[in-house]
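>>> turn this into a structure:
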Amino acid sequence: MNIHEKAATGFDRAGDSYERGRPEYPQEAMDFLAQKLDITPTSVVVDLGAGTGKFTKFLIPLSTKIIAVEPVAGMRKKFQSLFPAIQSLKALQKKFH
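Residues are numbered from 1 along each chain as shown. Alright, predicted model coming up:
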């Protein structure tokens, strides 16, 4: 995963601000995705680029097998504080030069 160095630095420092300031996804969009993807309680769902868990939050009532993947340590830390029971993995990140 390629992340611009300035973006990675900003996101690393701003997990709390991101969580407070970023709006939630529209419920209608989430319902549409759940239906189209046929997410069931036994589906394994991977939230790639999970950030602080804005999308993951929607997945919790749908599946018991969620894996969050996030390359930025600060975002992962915030995610883990909000959703300690969900597996959170560090994605490898390649910086732009």
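>>> CA atoms for contacts and neighbours, from now on please.
Noted.
>>> now what about the helix or strand where residue 68 lies, what contacts it?
Using DSSP states H and E, residue 68 sits in strand 65-70. With contacts defined as CA atoms under 8 Å, 6 or more residues apart in numbering, strand 65-70 is touched by 41-51, 56, 59-60, 76, 86-91.
>>> pull out the buried members of these.
45-47, 49-51, 56, 59, 76, 86, 88, 91 (16 or more other CA atoms under 10 Å).
>>> so which of the contacts of strand 65-70 belong to strands?
Under the assignment DSSP state E, the contacts of strand 65-70 contribute 44-48, 87-90 to strands.
>>> looking at the residues you listed, which is nearest residue 35?
residue 45 (13.7 Å; CA to CA).
>>> what about the closest residue to the closest one other than its chain neighbours, neighbour count?
Once flanking residues are discounted, residue 45 sits nearest to residue 66: 4.9 Å by CA to CA, 6 or more residues apart in numbering. If you count neighbours by other CA atoms under 10 Å, residue 66 ends up with 21.
>>> do residue 29 as well
Other residues within reach of residue 29, judged by other CA under 10 Å, total 9.
>>> what about it, is that helix, strand or coil?
helix (DSSP: H, G, I helix; E, B strand; the rest coil).
>>> that one and residue 55, how far apart?
As judged by CA to CA, to the nearest Å, residue 29 and residue 55 stand 11 Å apart.
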